[in-house]
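Student: Test case, fold it:
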Amino acid sequence: MALQDVCGFMDYLDDIHPCHHLPNEMGSLRKTPSEFETDSPFHFLFPPQQNSRKHGAPFLLSPTFSCLSPHQRPFQLSHGTTTLGFTFQGGVIAAADTRASCKGLICCPISQKIMPIHSHLVVTTSGSGADCMLWERILTREMRLYQLRHRRRLTVNGAAKLLSMMLHPFKGTEVCVAATLCGWDGEDAQITFQTGMKMGAKVEKTMKQDSHDPAKNNALSSPNSEMMSSTNKQSDQNTLSAIGEQWGPRVCYVCSDGLQLRGEIISVGSGSPYAYAVLDDGWRWGMTVDEAMALAREAVFRATHWDAYSGNNVDLFHITALGLRRRDREDLKEEYYREKERAKKMIKEREKERQKKEKTELAEEAKDIKSVHGE
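Tutor: Numbers count the residues shown, from 1 in each chain. Reported below is the predicted structural model:
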């Protein structure tokens, strides 16, 4: 879809097969390449009121838009889910349950709440399922367009800001989207730095080879050459520190009212208080990948155990500089039974320790009695 807009394929289809549709001023989400060059990228969110009055049709955000449907919903919308994301020294972990519910009804037990945007970014969503799916697709499209135009990917913070700006006009409406962006930033900067380091290593190797030549040795040992080498080392260190601030694991939160947050641990949904309890207790920056996976799975399991609106399965994604990797979906019912078996084993171990302690105390009492009678 993004490539079609860049290449003008949709304009070609309109020339061959013209169709009558509402113009963009009336709220259409479709934009032509010429409109992308001249208009704001968020123009489809702000349909002018005068144009809508001229055409005699209500636009998306008008007060009369909600009156188009004479029927009200037979039930009140309610949301429940558990999603989380956190950073550590090995990358980013994103986890979520798979239960889609509406009040007391489980609509879908195998819904997908983690959506890959590109090879280094995923989005976990909480809220209305239709709204979340729509804005995931819009974000994917806009980021693909950005990559095609600028020959590089948008950063995680940039994607969060883009989504926040697109969602802000819908503040106060019934749009309900809470997205957590989990990804890895700065792959292009890392590749550039590695290429520069390789070139620097080649130059240094050439200088070492030239140092064996007596004619060139005097030139290399001059104060100017020493000053240049020290300057190059300092610039390499500055470049490394700058790139270290630009690339690495990132987690950002965006809400449908335009709120944007950034942190190391973020959990969203009705089960987030229970997930935070596990994450705050077990999270540390120096965790291994297996420990981070186990912590995320444990957090989602505890949340689904105490929150009735979360459950069924758990999806886990691990994002590093090499890309994202998805683990196989795990059934939380099996984790529940494993937890019960672990609890039974712990009870048996405690019972054995108690019996052993009682035997030790009885033996000591008998020994004391014998010593008293012996005296």
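Student: Checking residue 153 next. Helix, strand or coil?
Tutor: What DSSP: H, G, I helix; E, B strand; the rest coil gives for residue 153 is coil.
Student: Pull up the gap between it and residue 112, please.
Tutor: Computed with Cβ to Cβ, to the nearest Å, the distance linking residue 153 and residue 112 is 22 Å. From N, CA and C alone the C-beta is placed, and that goes for glycine too.
Student: Between those two, tell me which one has more neighbours.
Tutor: Ranked by neighbour count (other Cβ atoms under 10 Å), residue 153 and residue 112 place residue 153 first, with 22 against 15.
Student: Isn't that one up against residue 118?
Tutor: Yes. Counting by Cβ atoms under 8 Å, residue 153 does reach residue 118; the two are 6.4 Å apart.
Student: so what sits against both of those two?
Tutor: Shared contacts of residue 153 and residue 118 (Cβ atoms under 8 Å, 6 or more residues apart in numbering): 143, 147.
Student: ok but residue 275 is inside a helix, no?
Tutor: Yes. Counting by three-state DSSP, residue 275 is found in a helix.
Student: Surely it is in contact with residue 305?
Tutor: No. Residue 275 sits out of contact with residue 305 when judged by Cβ under 8 Å, with a separation of 11.0 Å.
Student: the more surrounded of those two?
Tutor: residue 275 (30 against 16).
Student: Tell me the spacing between that one and residue 267.
Tutor: The gap separating residue 275 from residue 267 is 4 Å, by Cβ to Cβ.
Student: tell me, what's touching these two both at once?
Tutor: In contact with both residue 275 and residue 267: 82, 84, 299, using Cβ under 8 Å, 6+ apart.
Student: Just those: which are in strands?
Tutor: Within those, residues falling in strands by DSSP state E are residue 84.
Student: out of the shared contacts of residue 275 and residue 267, who's nearest residue 149?
Tutor: Residue 149 has its nearest neighbour among those in residue 84, at 33.1 Å by Cβ to Cβ.
Student: since we're on the closest one, how many residues are nearby?
Tutor: 29.
Student: pretty sure it contacts residue 297?
Tutor: No. Applying Cβ under 8 Å as the test, residue 84 and residue 297 come out as separate, 10.5 Å apart.
Student: Tabulate the shared contacts of residue 275 and residue 267 in JSON lines, adding columns for pLDDT.
Tutor: Output for these, formatted as JSON lines (pLDDT from 0 to 100):
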{"residue": "82", "pLDDT": "94"}
{"residue": "84", "pLDDT": "96"}
{"residue": "299", "pLDDT": "95"}
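Student: In a markdown table: the shared contacts of residue 275 and residue 267, plus distance to residue 260.
Tutor: Putting the shared contacts of residue 275 and residue 267 into a markdown table (distance: Cβ to Cβ, whole Å) gives the following:
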| residue | distance to residue 260 |
| --- | --- |
| 82 | 21 |
| 84 | 18 |
| 299 | 23 |
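Student: of all the shared contacts of residue 275 and residue 267, which comes closest to residue 100?
Tutor: Within the shared contacts of residue 275 and residue 267, distances to residue 100 taken as Cβ to Cβ reach their minimum at residue 82, with 12.1 Å.
Student: so where's the stretch 151-300 of the chain shaky on pLDDT?
Tutor: Within the stretch 151-300 of the chain, the stretches with pLDDT under 70 are 187-246.
Student: Please enumerate the strands of it.
Tutor: Here the stretch 151-300 of the chain has its strands, by DSSP state E, counting those that start in this stretch, at 177-185, 248-255, 260-262, 265-268.
Student: Please identify the deepest-packed of those strands.
Tutor: strand 177-185 (a mean of 26; mean count of other Cβ atoms under 10 Å).
Student: Let me know the angle separating that strand from strand 248-255.
Tutor: 170 degrees (axes from the mean of the first three to the mean of the last three Cα atoms, to 10 degrees).
Student: need the helices for the protein, in chain order.
Tutor: Using DSSP state H, the helices of the chain run over residues 2-7, 9-16, 33-38, 49-55, 129-150, 156-167, 187-211, 214-220, 223-246, 272-282, 289-306, 332-374.
Student: For the strands of the stretch 151-300 of the chain, give me JSON lines that also has distance to residue 342.
Tutor: Shown next, in JSON lines, are the strands of the stretch 151-300 of the chain (distance: least, Cβ to Cβ, whole Å):
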{"stretch": "strand 177-185", "distance to residue 342": "29"}
{"stretch": "strand 248-255", "distance to residue 342": "30"}
{"stretch": "strand 260-262", "distance to residue 342": "35"}
{"stretch": "strand 265-268", "distance to residue 342": "24"}
